[in-house]
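Trainee: have a look at this fold, sequence not included:
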(Lines give C-alpha, C1' and ligand atoms only; values in the text may rest on other atoms or scores of the structure.)
Protein backbone atom coordinates (compact mmCIF):
# COMPACT_ATOMS: atom_id res chain seq x y z
CA UNK A 1 0.00 0.00 0.00
CA UNK A 2 1.48 3.33 -1.06
CA UNK A 3 0.83 6.15 1.40
CA UNK A 4 0.98 9.85 0.55
CA UNK A 5 2.56 12.24 3.06
CA UNK A 6 -0.85 13.60 4.15
CA UNK A 7 -2.00 10.15 5.33
CA UNK A 8 1.15 9.16 7.26
CA UNK A 9 -0.16 9.76 10.77
CA UNK A 10 -3.30 7.70 10.16
CA UNK A 11 -1.74 4.74 8.36
CA UNK A 12 1.82 4.38 9.68
CA UNK A 13 2.28 1.84 12.48
CA UNK A 14 3.07 3.72 15.71
CA UNK A 15 6.20 1.70 16.47
CA UNK A 16 8.69 -0.57 14.75
CA UNK A 17 11.66 -0.27 12.45
CA UNK A 18 11.52 1.72 9.23
CA UNK A 19 13.62 1.20 6.12
CA UNK A 20 14.47 4.12 3.86
CA UNK A 21 15.40 3.95 0.17
CA UNK A 22 17.19 6.47 -2.00
CA UNK A 23 16.35 5.18 -5.49
CA UNK A 24 18.67 5.88 -8.39
CA UNK A 25 19.08 4.42 -11.85
CA UNK A 26 22.43 2.81 -10.92
CA UNK A 27 22.27 2.36 -7.12
CA UNK A 28 19.79 2.18 -4.25
CA UNK A 29 20.81 3.57 -0.89
CA UNK A 30 19.34 1.85 2.17
CA UNK A 31 19.04 3.05 5.77
CA UNK A 32 17.20 1.60 8.78
CA UNK A 33 16.10 3.03 12.11
CA UNK A 34 15.72 1.35 15.48
CA UNK A 35 12.39 0.18 16.96
CA UNK A 36 11.97 3.40 18.92
CA UNK A 37 12.65 5.45 15.76
CA UNK A 38 15.27 7.57 17.46
CA UNK A 39 18.40 6.55 15.52
CA UNK A 40 18.73 6.14 11.75
CA UNK A 41 21.73 4.25 10.37
CA UNK A 42 23.04 3.89 6.81
CA UNK A 43 22.80 0.18 5.97
CA UNK A 44 24.10 -0.51 2.46
CA UNK A 45 24.20 0.43 -1.20
CA UNK A 46 22.57 -1.94 -3.68
CA UNK A 47 24.05 -1.84 -7.17
CA UNK A 48 21.03 -1.99 -9.50
CA UNK A 49 20.65 -5.23 -11.45
CA UNK A 50 16.98 -5.72 -12.30
CA UNK A 51 13.74 -4.90 -10.54
CA UNK A 52 13.24 -8.56 -9.59
CA UNK A 53 16.72 -8.90 -8.05
CA UNK A 54 16.60 -5.48 -6.39
CA UNK A 55 13.08 -6.05 -5.02
CA UNK A 56 14.09 -9.47 -3.69
CA UNK A 57 17.12 -8.03 -1.88
CA UNK A 58 15.05 -5.24 -0.32
CA UNK A 59 12.33 -7.72 0.69
CA UNK A 60 14.98 -9.85 2.43
CA UNK A 61 16.09 -6.77 4.38
CA UNK A 62 12.47 -6.10 5.34
CA UNK A 63 12.06 -9.64 6.67
CA UNK A 64 15.47 -9.85 8.41
CA UNK A 65 15.04 -6.49 10.15
CA UNK A 66 11.30 -6.80 10.95
CA UNK A 67 10.52 -3.60 9.03
CA UNK A 68 7.00 -2.18 9.47
CA UNK A 69 7.14 0.47 6.71
CA UNK A 70 9.34 1.60 3.83
CA UNK A 71 10.15 5.26 3.20
CA UNK A 72 11.01 6.03 -0.43
CA UNK A 73 12.69 9.35 -1.14
CA UNK A 74 10.77 11.19 -3.85
CA UNK A 75 13.02 13.65 -5.69
CA UNK A 76 11.00 16.68 -6.70
CA UNK A 77 12.40 19.95 -7.96
CA UNK A 78 12.88 23.06 -5.87
CA UNK A 79 9.41 24.33 -6.86
CA UNK A 80 7.73 21.09 -5.77
CA UNK A 81 7.14 19.86 -9.31
CA UNK A 82 7.65 16.34 -10.64
CA UNK A 83 10.75 15.53 -12.63
CA UNK A 84 11.72 12.62 -14.87
CA UNK A 85 13.49 10.94 -11.94
CA UNK A 86 10.50 11.50 -9.61
CA UNK A 87 8.30 9.69 -12.14
CA UNK A 88 10.91 6.90 -12.26
CA UNK A 89 10.89 6.63 -8.45
CA UNK A 90 7.08 6.70 -8.32
CA UNK A 91 6.94 3.81 -10.83
CA UNK A 92 9.59 1.95 -8.81
CA UNK A 93 7.44 2.35 -5.67
CA UNK A 94 4.30 1.10 -7.44
CA UNK A 95 6.12 -1.92 -8.88
CA UNK A 96 7.79 -2.66 -5.55
CA UNK A 97 4.43 -2.44 -3.77
CA UNK A 98 2.96 -4.94 -6.25
CA UNK A 99 5.97 -7.22 -5.70
CA UNK A 100 5.57 -7.07 -1.93
CA UNK A 101 1.82 -7.73 -2.10
CA UNK A 102 2.55 -10.86 -4.16
CA UNK A 103 5.51 -12.14 -2.11
CA UNK A 104 4.96 -11.11 1.52
CA UNK A 105 2.41 -12.33 4.02
CA UNK A 106 1.99 -8.97 5.81
CA UNK A 107 1.21 -5.73 4.02
CA UNK A 108 4.03 -3.18 4.28
CA UNK A 109 3.17 0.50 3.81
CA UNK A 110 5.36 2.36 1.32
CA UNK A 111 5.59 6.09 1.95
CA UNK A 112 6.73 8.52 -0.74
CA UNK A 113 8.59 11.28 1.09
CA UNK A 114 9.96 14.56 -0.29
CA UNK A 115 13.73 14.18 -0.41
CA UNK A 116 14.76 17.57 -1.77
CA UNK A 117 18.44 18.24 -1.08
CA UNK A 118 19.21 14.85 0.55
CA UNK A 119 21.86 14.00 -2.06
CA UNK A 120 23.39 17.45 -1.66
CA UNK A 121 23.49 17.00 2.14
CA UNK A 122 25.02 13.53 1.73
CA UNK A 123 27.76 14.88 -0.57
CA UNK A 124 28.53 17.59 1.98
CA UNK A 125 28.83 15.01 4.77
CA UNK A 126 31.13 12.78 2.71
CA UNK A 127 33.33 15.76 1.80
CA UNK A 128 33.51 16.98 5.39
CA UNK A 129 35.87 15.68 8.03
CA UNK A 130 32.87 14.47 10.05
CA UNK A 131 32.55 11.41 7.85
CA UNK A 132 35.68 9.29 7.98
CA UNK A 133 34.86 6.72 5.31
CA UNK A 134 36.50 7.19 1.91
CA UNK A 135 33.89 6.56 -0.75
CA UNK A 136 32.76 7.94 -4.04
CA UNK A 137 29.17 6.79 -3.47
CA UNK A 138 26.89 8.23 -0.82
CA UNK A 139 23.52 6.66 -1.63
CA UNK A 140 23.26 5.01 1.82
CA UNK A 141 23.94 8.36 3.48
CA UNK A 142 21.23 9.96 1.32
CA UNK A 143 18.80 7.23 2.43
CA UNK A 144 19.80 7.95 6.03
CA UNK A 145 19.17 11.68 5.62
CA UNK A 146 15.75 10.93 4.08
CA UNK A 147 14.94 8.73 7.08
CA UNK A 148 16.17 11.32 9.60
CA UNK A 149 14.02 14.01 7.95
CA UNK A 150 11.04 11.67 7.91
CA UNK A 151 11.45 10.82 11.60
CA UNK A 152 11.76 14.50 12.49
CA UNK A 153 8.62 15.38 10.49
CA UNK A 154 6.60 12.61 12.16
CA UNK A 155 7.32 13.71 15.75
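Mentor: That came through, no problem. Since we're looking at a predicted model, the values are computed, not measured. Numbers count the residues shown, from 1 in each chain.
Trainee: what about residue 18, neighbour count?
Mentor: 25 (other Cβ atoms under 10 Å). C-beta: built from backbone N, CA, C; applies to glycine.
Trainee: ditto for residue 96
Mentor: 22.
Trainee: let me see the contact set for it.
Mentor: Counting by Cβ atoms under 8 Å, 6 or more residues apart in numbering, residue 96 makes contact with 51, 55, 58, 70, 72, 110.
Trainee: among those, the buried ones, what's the ChimeraX command?
Mentor: One line in ChimeraX is enough to select the buried ones among the contacts of residue 96; burial here means 16 or more other Cβ atoms under 10 Å:
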select :55,58,70,72,110
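Trainee: may I ask you to name the longest helix in the chain?
Mentor: helix 84-103 (DSSP state H).
Trainee: quick check: buried residues in that helix?
Mentor: Neighbour-count burial for helix 84-103, counted by 16+ other Cβ under 10 Å, picks out 86, 89-90, 92-93, 96-97, 99-100.
Trainee: quick check: mean pLDDT of whatever helix or strand comes next after that helix?
Mentor: Going down the chain from helix 84-103, the next helix or strand is strand 110-114, by DSSP states H and E. In this model, strand 110-114 has an average pLDDT of 89.
Trainee: so strand 110-114 versus helix 84-103, what angle?
Mentor: Angle, strand 110-114 to helix 84-103, by axes from the mean of the first three to the mean of the last three Cα atoms, to 10 degrees: 170 degrees.
Trainee: just checking, what packs against the stretch of helix or strand residue 70 belongs to?
Mentor: Element membership for residue 70, per DSSP H and E: strand 67-74. On a contact count with 3 or more Cβ pairs under 8 Å, 6 or more residues apart in numbering; DSSP states H and E, strand 67-74 meets strand 17-23, helix 51-64, helix 84-103, strand 110-114, helix 139-153.
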